[in-house]
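Asker: below: sequence and its predicted model.
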Amino acid sequence: MYQAIVAFDLDATLLNQAKQIPTENLQALVSLRANQILPVIATGRDRFEIQDIIQAGQFDAIVSANGADVYFQDQQLFEDTLAPTVLNHLATWSEQQQVSLAVSNHDGMAISQIDDLVRLNYRRIHRELPQVDASYYQNRDISKALTFIADTPAGRQQEAQLRETFSDLTFYRNSDVCIDVVATGTTKASGIATLQAKAGFETLPVYTFGDGYNDISMLKAANVGIAMGNAPVAVQQQADYVTRRYDDNGIVDACQHFNLI
């Protein structure tokens, strides 16, 4: 019987610069399970692209695509999808704006075109470039899109237009090169709440670890929200506790501080 849930963001939180779980964090995961605590991945990435991390950390519970995909013990509990009409509109807008658009679900991903921003993004996360297929979203359930827009003065104007044009969607800038797009109200917090409700964990206390703006929802919703020392100040201000950096034993520090391990 689990006593608590601990949810981890991946990049710059649980993972090191090589996008792997370092030894000290792997040991912390083992200790959490020994203490009857359920470790959960809570990431903006899709489940298909983190199978190596899931296996390395022996995770049974995954909240991916910023909460749009919820998975527990070999079963998908929930998937929130983007409406076909919205995807058509988004694809048309992206083509007109010459913006690379990737669409994905838990099974796979495709992108409309490859440009320098796309290459930079996938080089950073140590993943292969997605297949090019501008029609991939047709006749598929799509849980997340990525628009590749640089965080520059011109890019910020384009981003503002994107957000205004699609005001009924939820956006998360996940880096200086791309923006996540999910259905209205989809957050990591909503994904964790869905996991709790569908797996019968409603009464368990929740601890969350994160460093990015898309982590704010789960930092605020958790019983204890823990920001990494490398998180922006605006993210740290939303947390209950700020631990050390992701590359300075921040996970272990906080788990010990709260007597989780």
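Answerer: Cool, the structure landed.

Asker: could you list the buried residues of stretch 57-65?
Answerer: Under the neighbour-count criterion of 16 or more other C-beta atoms under 10 Å, stretch 57-65 has 57, 59-65 buried. For the C-beta atoms, the positions are set from N, CA and C on the backbone; glycine is no exception.

Asker: could those residues be laid out in a markdown table, adding secondary structure and pLDDT?
Answerer: Conversion of the buried residues of stretch 57-65 to a markdown table gives the following (DSSP: H, G, I helix; E, B strand; the rest coil; pLDDT from 0 to 100):
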| residue | secondary structure | pLDDT |
| --- | --- | --- |
| G57 | helix | 98 |
| F59 | coil | 98 |
| D60 | coil | 97 |
| A61 | strand | 98 |
| I62 | strand | 98 |
| V63 | strand | 98 |
| S64 | strand | 98 |
| A65 | helix | 97 |
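
Asker: list just the nearest of these to N214.
Answerer: Distance to N214, by C-beta to C-beta, is smallest for A65 among these, at 10.6 Å.

Asker: so the closest one touches S104, yeah?
Answerer: Yes: taking contacts as C-beta atoms under 8 Å, A65 lies within contact range of S104: 7.2 Å.

Asker: count the residues that sit near V99.
Answerer: 22 (other C-beta atoms under 10 Å).

Asker: how about F78?
Answerer: If we define neighbours as other C-beta under 10 Å, then F78 has 18 of them.

Asker: would you say it is within a helix?
Answerer: No: counting by DSSP: H, G, I helix; E, B strand; the rest coil, F78 is not part of a helix but strand.

Asker: who does the residue nearest to F59 when sequence neighbours are not counted bridge with?
Answerer: Once flanking residues are discounted, F59 sits nearest to I41: 5.3 Å by C-beta to C-beta, 6 or more residues apart in numbering. Beta-bridge partners for I41, by DSSP bridges, are F8, I62.

Asker: tell me who's in contact with I41.
Answerer: 7-8, 10, 14, 50, 53-54, 57, 59, 61-64 (C-beta atoms under 8 Å, 6 or more residues apart in numbering).

Asker: that older thread, P153: which of the buried residues of stretch 57-65 is nearest?
Answerer: Out of the buried residues of stretch 57-65, the member with the shortest distance to P153 (by C-beta to C-beta) is A65, at 29.5 Å.

Asker: wait, F148 touches C178, no?
Answerer: Yes: applying C-beta under 8 Å, one finds F148 in contact with C178, separated by 4.8 Å.

Asker: name the residues contacting each of these two.
Answerer: What both F148 and C178 touch, as defined by C-beta under 8 Å, 6+ apart, is the set 117, 121.

Asker: out of the two, which sits in the busier spot?
Answerer: With neighbours defined as other C-beta under 10 Å, F148 and C178 compare such that F148 has more, 25 against 22.

Asker: all strands of the stretch 151-261 of the chain, in order?
Answerer: All strands of the stretch 151-261 of the chain, identified by DSSP state E, counting those that start in this stretch, fall at 170-173, 179-182, 206-210, 224-227, 241-242.

Asker: neighbours of I114, how many?
Answerer: I114: 15 neighbours (other C-beta under 10 Å).

Asker: list the contacts of it.
Answerer: 100, 129, 132.

Asker: redo that, cut-off 7 Å
Answerer: Listed by C-beta atoms under 7 Å, 6 or more residues apart in numbering, the contact set of I114 reads 129, 132.
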